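S.K.: Need the 3D shape of this:
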Amino acid sequence: MRALIIDDEKRARHLLANLISNHCTNIVDIQEAVDLASGVTLINTTKPDIVFLDIEMPNQTGLEILEYFPNNIDFKIIFVTAYNQYAIEAFKMSAIDYLLKPLDVEELKYAIAKAQEAIKAQNFNDQLNKLRESLKQLSVDKIALEIPKGILFTSHTDILYFEADGMYTNVHLITGKQKTICKPLKHFVQQLANNSMFFKCHRSYLINLKYVEELVKDDGDYLLMNNQKRIPISKSKRDHFLEVIKEVFL
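M.R.: Predicted coordinates for the structure are as follows:
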């Protein structure tokens with residue numbers, strides 16, 4: 001971990017730096033700044049994990065640090081001061097801890113340990129959020145099918161149609177394979193509601209329009225898929241289907 005000490009007193013900075021070096025070996029880099037403005041510059045350039053921040057300094061107090069980072073603080077703050085009347089205000093800013101001068105080594109080690117745990121939790125949450133965003137991007141073109149041995153990620157364009165089978169759904173793929181999923185057809189209708197290529201032509205079928213070859217009006221209306229499968233289309237859906245066809249193609 002990297003640390004930054006912001007304190008206008010040179011002796012106080014060096015004392016804290018020595019305590020950290022001697023008792024907190026997980027901190028491998030320690031930078032120092034004489035005031036809040038120069039400290040903010042170092043924060044932006046060195047990206048410390050922990051900032052030890054004195055409150056009483058000339059020109060600006062340490063409590064004003066949020067003015068420089070109004071949207072997001074990706075480092076942990078440990079306030080260090082000789083005046084305990086600032087404690088409540090400091091913790092309102094979600095500081096990791098609050099150390100009083102003269103410093104106690106055990107309290108310092110405890111504060112750093114708290115910061116380290118908070119950093120681990122934040123990194124884990126960041127990883128989860130990145131995974132969520134990646135999967136959201138993946139879901140634009142793919143669908144997750146829960147099969148008995150795991151999860152099959154299938155492109156929308158690889159699906160011919162969904163077929164209801166009681167509380168299960170049979171997913172027919174362009175490869176000729178069929179996957180039985182332990183979810184009702186309604187689940188996929190809802191999941192693909194915003195995908196205009198999928199059309200619920202019948203209470204038991206959700207089809208990929210890309211693979212429709214023909215609308216046949218013979219012996220009951222049906223759609224002929226490019227694998228020659230005949231899929232029924234209900235009267236109400238047929239009228240809707242024809243209306244859309246006329247708008248787009250005719």
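
S.K.: Which helix or strand lies directly C-terminal to the helix or strand of the chain with the lowest mean pLDDT?
M.R.: Lowest mean confidence among the helices and strands of the chain (mean pLDDT, DSSP states H and E): helix 87-92, at a mean of 59. Of the helices and strands lying after helix 87-92 in sequence (DSSP states H and E), the nearest is strand 97-100.

S.K.: Just checking the distance from the next helix or strand after that next one to the centre of its chain.
M.R.: Counting by DSSP H and E, the next helix or strand C-terminal to strand 97-100 is helix 105-139. With Cα atoms, centre = their mean, to the nearest Å as the basis, helix 105-139 stands 12 Å off its chain's centre.

S.K.: any idea of the mean pLDDT for helix 105-139?
M.R.: Averaging pLDDT along helix 105-139 gives 80.

S.K.: cool, stretch 44-56 as well?
M.R.: pLDDT averaged over stretch 44-56 gives 91.

S.K.: quick one, what contacts the residue nearest the centre of the chain?
M.R.: The chain has residue 129 as the residue nearest its centroid, 1.8 Å off, counting by Cα atoms, centre = their mean. For residue 129, the contact set (Cβ atoms under 8 Å, 6 or more residues apart in numbering) is empty. All C-beta atoms are positioned from the backbone trio N, CA, C, and that covers glycine.

S.K.: what's the spacing between it and residue 122?
M.R.: Per Cβ to Cβ, to the nearest Å, residue 129 is found 10 Å from residue 122.

S.K.: mind saving the C-alpha coords of the helix or strand where residue 3 lies as CSV?
M.R.: Using DSSP H and E, residue 3 falls within strand 2-6. Extracted in CSV, the C-alpha atoms of strand 2-6 (Å, rounded to 0.1, in the frame of the first residue of the first chain):
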residue,chain,number,x,y,z
ARG,A,2,1.0,3.6,-0.6
ALA,A,3,0.5,6.4,2.0
LEU,A,4,0.6,10.2,2.0
ILE,A,5,1.1,12.3,5.1
ILE,A,6,-0.3,15.9,4.9
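
S.K.: What strands line up against that strand, and which way round?
M.R.: In the sheet, strand 2-6 lines up against strand 29-33 (parallel), strand 50-54 (parallel) (DSSP bridges).

S.K.: what's the first one in contact with?
M.R.: By Cβ under 8 Å, 6+ apart, the residues outside strand 29-33 that reach it are 2-7, 13, 17, 20-21, 39, 41-42, 46, 48.

S.K.: Give me the buried subset of those.
M.R.: Neighbour-count burial (16 or more other Cβ atoms under 10 Å) applied to those gives 3-7, 13, 17, 20, 39, 42, 48.

S.K.: would you turn these into a markdown table with distance to residue 177?
M.R.: Converted to a markdown table, the buried ones among the contacts of strand 29-33 look like this (distance: Cβ to Cβ, whole Å):
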| residue | distance to residue 177 |
| --- | --- |
| 3 | 56 |
| 4 | 58 |
| 5 | 63 |
| 6 | 63 |
| 7 | 67 |
| 13 | 67 |
| 17 | 64 |
| 20 | 61 |
| 39 | 61 |
| 42 | 59 |
| 48 | 54 |
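
S.K.: residue contacts, the residue lying closest to residue 234 once chain neighbours are set aside?
M.R.: Leaving aside its chain neighbours, residue 234 sits nearest to residue 202 (5.2 Å; criterion: Cβ to Cβ, 6 or more residues apart in numbering). Residue 202 is in contact with 231-234, 237, counting by Cβ under 8 Å, 6+ apart.

S.K.: Mind checking which of those are buried?
M.R.: For the contacts of residue 202, buried by 16+ other Cβ under 10 Å: 231, 233-234, 237.

S.K.: what's the distance between the residue lying farthest from the centre of the chain and residue 245?
M.R.: The C-alpha centroid of the chain is most remote from residue 219, which lies 51.6 Å away (Cα atoms, centre = their mean). Look at residue 219 and residue 245: by Cβ to Cβ, they are 21 Å apart.
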